[in-house]
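Asker: structure, please.
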Amino acid sequence: MLKKPSPAGDLLRDWRQRRRLSQLALAADAEISQRHLSFVESGRSLPSREMVLKLTEHLAVPLRERNAILVAAGFAPIYRNRSLDAPELTAARAAIGRILDGHDPHPALAIDRHWTLLLSNRALRLLLTGVAARLLKAPVNVLRVSLHPEGLAGRILNFRAWRNHILKRLAHEIEISADPALVSLMEELRSYPVPPQTGGSRRPDPPINGDIAVPLILASDVGPLSFLSTTTVFGTAVDVTLSEVTIEAFFPADVETAGAMAQWINAS
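Answerer: The predicted structure is shown next:
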């Protein structure tokens, strides 16, 4: 009678294939024999706790999924999963707040793995003026706010370029995480129509000075506001929640935007 494959083996094989690694390549990286890895994946050999941790490290498996593989292998999860409001994460939350507030007068926000808004600074709240109230009701998904017809979509002057940038980034995150919630979000975002003020395919996007990155160009009462975005993560996080926090900071792409944001913040 054939032995039923280990759920942990199935999960490890799925992550290896998702990373487009052969058994030989992963075995070499993890300094184990290909035969042993084959036995683990097929369920003929149960992986030790140390083996699960070694393989998931080399496969860059997210901490949340590493816990799932540990449980499937019969071990307790080792990565804590606490709310960002938990006392143990007070220092981390304070650090995020300092980063966001220090970025004024330019927009900055912290999001979780599903692009749900966790924290933001004053500048971001100013830019969200005019967004439908229902889109700003918690939990707020920032990609939904960005591309929804009742969100910022009508104000994004380079909508198609920004939309393509967002969808490509989301597709990359889906490939890395295999998160079904992100797959559903991708389907939702793809269903949104192109705002009529972008002119469909007849009107080109505004030129990008220097072609160094895709900016976010927003219409405003003081003229176009152009921003370049950067991403910051906690590189040594061993808490599931903290490992999934991303800080998105927007910098002015031109002197006009820098001046307009400074005046806007001072007047608010």
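Asker: check which helix or strand the residue nearest the centre of the chain maps to.
Answerer: By CA atoms, centre = their mean, the mean C-alpha position of the chain lies nearest to Arg113, the distance being 5.2 Å. Following DSSP states H and E, there is no helix or strand that holds Arg113.
Asker: only the buried residues of the helix of greatest length in the chain, if you could.
Answerer: Determined from DSSP state H, the single longest helix within the chain is helix 159-177. For helix 159-177, a neighbour-count test (16 or more other CB atoms under 10 Å) marks 159-163, 165-166, 170, 173-174, 177 as buried. Glycine gets a C-beta too; all of them are placed from N, C-alpha and C.
Asker: returning to what we had before: so how far is Arg163 from the residue nearest to the centre of the chain?
Answerer: 21 Å (CB to CB, to the nearest Å).
Asker: ok, Ala27 next?
Answerer: 41 Å.
Asker: any chance you could map the strands in this protein?
Answerer: Secondary structure of the chain (DSSP state E): strands at 108-111, 117-120, 216-218, 225-233, 246-252.
Asker: which residues outside the shortest one are in contact with it?
Answerer: In other words, strand 216-218. With CB atoms under 8 Å, 6 or more residues apart in numbering as the test, strand 216-218 has contacts from 127, 152, 155-158, 162, 206, 224-229, 250.
Asker: re earlier: need the strands of the chain in TSV (columns: mean neighbour count).
Answerer: Below are the strands of the chain laid out as TSV (neighbours: other CB atoms under 10 Å):
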stretch	mean neighbour count
strand 108-111	23
strand 117-120	19
strand 216-218	21
strand 225-233	17
strand 246-252	19
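Asker: re earlier: can you pull the contacts of the residue nearest to the centre of the chain?
Answerer: Residues near Arg113 by CB under 8 Å, 6+ apart: 62, 64, 177, 179, 182, 244.
Asker: could you rerun that using 6 Å?
Answerer: Neighbouring residues of Arg113 by CB atoms under 6 Å, 6 or more residues apart in numbering: Glu244.
Asker: look up how far Pro180 lies from it.
Answerer: Arg113 is 12 Å from Pro180, by CB to CB.
Asker: skipping adjacent residues, who's closest to His114 in space?
Answerer: Ala181 (5.2 Å; CB to CB, 6 or more residues apart in numbering).
Asker: burial measure for the residue lying closest to Glu256 once chain neighbours are set aside, as a count.
Answerer: Excluding the flanking residues, the one nearest Glu256 by CB to CB, 6+ apart is Gly223, at 6.7 Å. Residues contacting Gly223 under the criterion other CB atoms under 10 Å number 11.
Asker: how much space separates Gly223 from Gln263?
Answerer: Distance of Gly223 to Gln263, computed by CB to CB: 12 Å.
Asker: with Arg35 instead?
Answerer: Separation of Arg35 from Gln263 (CB to CB): 67 Å.
Asker: just Ala110 next, same as before
Answerer: From Ala110 to Gln263 the distance is 26 Å (CB to CB).
Asker: next: His114.
Answerer: 35 Å.
Asker: which one of the two is surrounded by more residues?
Answerer: Set His114 next to Gln263 and count neighbours by other CB under 10 Å: His114 wins out with 16 against 12.
Asker: can you read off the pLDDT for Ser6?
Answerer: For Ser6, the pLDDT comes out at 56.
Asker: repeat that for Ser268.
Answerer: pLDDT at Ser268 comes out at 70.
Asker: next one: Asp104
Answerer: In this prediction Asp104 is given a pLDDT of 92.
Asker: do the same with Thr90
Answerer: 95.
Asker: relative to Gly97, how far out is it?
Answerer: 11 Å.
Asker: ditto for Leu46
Answerer: Leu46 is 44 Å from Gly97, by CB to CB.
Asker: again with Val194
Answerer: Distance from Val194 to Gly97, by CB to CB: 36 Å.
Asker: again with Gln23
Answerer: 45 Å.
Asker: would you reformat the strands of the chain as CSV and include distance to Leu53?
Answerer: Listed next are these as CSV, based on distance: least, CB to CB, whole Å:
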stretch, distance to Leu53
strand 108-111, 27
strand 117-120, 28
strand 216-218, 39
strand 225-233, 21
strand 246-252, 24
